[in-house]
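> build the 3D model from these lines:
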Amino acid sequence: MLYAAHGRTRDEWGHGAVEDRVRVVIAEDSVLLREGLTRLLTDRGHEVVAGVGDAEALLKTVAELASGDALPDVVVADVRMPPTHTDEGVRAAVRLRREHPGIGVLVLSQYVEERYATELLAGSSRGVGYLLKDRVAEVREFVDAVVRVARGGTALDPEVVAQLLGRSRKQDVLARLTPREREVLGLMAEGRTNSAIARQLVVSDGAVEKHVSNIFLKLGLSPSDGDHRRVLAVLAYLDS
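So this is what the prediction gives:
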């Protein structure tokens, strides 16, 4: 299961619904993988408007689409791309999120790289995803993630969440939270609603709302942070 901080899944949007179809740009230097991703998405009714092999081409392509008022809904990009195969892909993704906040960005990585995940998740919490490449083999979940990110949601690989939360448990921020609040925050990181958390913990919705309010208070997230406080709470927890 992919963890979503917010945003609707493909089932919630409806299979094959017109509003479920998204425009995608794929940035992947492996031609075979790039073509495979294109096939997966187009077979399910989505439109791959461009496929490129490096970060420079990705930025140029998106700029050209923007100039023609034809921005894609989401970019799917490898973290490591030519010429150095280090962090070109994630740096391009971060730049795109800054320059075109309306575009969703979903990055793919061979391994969980905490620094890249944290950098990508910093700032705005809308329309972002970080998945391991192995997740592509789970076709339905991968396509769900693409649609979710395109619609402003968040899709995090379970391994990414596990490692980031595992690291954060060593930090002093945990001293501010009760064991129950930590449990609630962990479930929030999995993208569960208050009602879903209540069912999981076998408590009332009101009890969960109280825990969530306490988490916001202890992490210094005021009501002015708006609807994104749930994601900001998780990010503050990870980055502390």
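
> what's the neighbour count on the closest residue to His85 other than its chain neighbours?
The shortest distance from His85 to any non-neighbouring residue, by C-beta to C-beta, 6 or more residues apart in numbering, is to Asp29 (7.9 Å). Glycine gets a C-beta too; all of them are placed from N, C-alpha and C. Residues near Asp29, counting by other C-beta atoms under 10 Å, number 19.

> any idea how far Val79 is from Asp29?
11 Å (C-beta to C-beta, to the nearest Å).

> one more: Ala175?
In terms of C-beta to C-beta, Ala175 sits 33 Å off from Val79.

> who's more crowded, these two?
A direct count of neighbours by other C-beta under 10 Å for Ala175 and Val79 places Val79 higher, at 24 against 7.

> confirm for me that the more buried one is in contact with Val107.
Yes. Using C-beta atoms under 8 Å as the test, Val79 is close enough to Val107 to be in contact (5.3 Å).

> report the set of residues contacting both of those two.
The contact sets of Val79 and Val107 overlap at 89-90, 116 (C-beta atoms under 8 Å, 6 or more residues apart in numbering).

> I'd guess Leu37 is in a strand, am I close?
No. Per DSSP: H, G, I helix; E, B strand; the rest coil, Leu37 lies outside any strand segment and is helix.

> one step back: tell me the SS of the residue nearest to His85?
Per three-state DSSP, Asp29 ends up coil.

> if I pick it, what's in contact with it?
Counted by C-beta under 8 Å, 6+ apart, Asp29 has contacts 53-54, 78, 81-82, 85.

> out of the residues you listed, which is nearest to Ile103?
Set against Ile103, the nearest of the contacts of Asp29 by C-beta to C-beta is Asp78 (16.6 Å).

> the closest one contacts Ser109, doesn't it?
Yes. Using C-beta under 8 Å, Asp78 is in contact with Ser109, at 7.5 Å.

> the two: who's more crowded?
Using other C-beta under 10 Å as the criterion, Asp78 and Ser109 rank with Asp78 on top: 28 against 20.

> phi, psi of the more buried one?
Here is the backbone geometry of Asp78 (degrees, to the nearest 10): phi -70, psi 140.

> mind listing what it touches?
Asp78 neighbours (C-beta under 8 Å, 6+ apart): 27-30, 89, 107-109.

> and it, how far from Val128?
15 Å.

> one more: Ser213?
25 Å.

> Val143: which element?
helix 139-150 (DSSP states H and E).

> and Val212, by the same measure?
Applying DSSP H and E, one finds Val212 within helix 205-218.

> what does the pLDDT read for the closest residue to Leu131 other than its chain neighbours?
Leaving aside its sequence neighbours, Leu131 sits nearest to Asp157 (C-beta to C-beta, 6+ apart; 4.6 Å). Asp157 carries a pLDDT value of 80.

> let's have the chain start at 806 instead
Will do, 806 is the new start, and the previous item becomes Asp962.

> what is the neighbour count of Asp962?
Neighbours of Asp962 (other C-beta under 10 Å): 23.

> just the mean pLDDT for the helix holding Val948, thanks.
91.

> and the residue positioned nearest the centre of the chain, how far from Arg997?
The chain has Gly934 as the residue nearest its centroid, 2.2 Å off, counting by C-alpha atoms, centre = their mean. Distance from Gly934 to Arg997, counting by C-beta to C-beta: 17 Å.

> about what we covered before: go through the contacts of Asp834 and name the one nearest Ala955.
Asp883 (17.9 Å).

> check which residues of stretch 997-1006 are buried.
997, 999, 1002-1003 (16 or more other C-beta atoms under 10 Å).

> show me the two of these that sit farthest apart.
Longest span within the buried residues of stretch 997-1006, C-beta to C-beta: Arg997 and Ala1003, 9.4 Å.

> how is Val830 assigned, secondary-structure-wise?
Classified using three-state DSSP, Val830 is strand.
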